[in-house]
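Enquirer: Sharing a sequence plus its predicted fold:
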Amino acid sequence: MDKALLKKLTILYTLSIFLVSIIPIPKLPFPEFALFEWDKFFHLFTYLIMTITWIWLGFLETSRFRWNYVKIVIFIAIITEFFQGFLPIGRYFEIADIIANMTGILIGIFLGKSFILKNKQP
């Protein structure tokens, strides 16, 4: 895939997830702590894909694993939860969402590093 196109798609995906995360939801009930709900799976999957795309983007720039790209995803995962908790948008800060986000990021790191090491040019 073309590096410039992947960069645009990665940034668009990240911005889309951020914007969807801060869209106001009126009359949302106060959440209970629960890790095994469908929305937590969605969080995990969303951040898994985001992590892999950022790692892939970094891999196209150099043949090394780039932690800076993972830091971007971690920052987005945490800041969106803080915005949900502090902005008056009818959403809530949830530790369970952060756990699901971080789990997706960790799986993404593992898969991304495995892919890079497997396909690294000698």
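Expert: Sure, I can see it. Quick caveat, the model's predicted, so the values are computed rather than measured.

Enquirer: Quick check: buried residues in whichever strand or helix holds residue 45?
Expert: Assessed by DSSP states H and E, residue 45 sits inside helix 38-61. The neighbour-count check on helix 38-61 (16 or more other C-beta atoms under 10 Å) flags 40, 43-44, 46-48, 50-59 as buried. C-beta here means a position set from N, CA and C on the backbone, and glycine is covered the same way.

Enquirer: of the residues you listed, closest to residue 107?
Expert: residue 48 (5.2 Å; C-beta to C-beta).

Enquirer: Which residue, neighbours along the chain excluded, lies closest to the closest one?
Expert: In space, and not counting its chain neighbours, residue 48 is closest to residue 104: 3.9 Å by C-beta to C-beta, 6 or more residues apart in numbering.

Enquirer: and what of residue 7?
Expert: residue 57 (5.9 Å).
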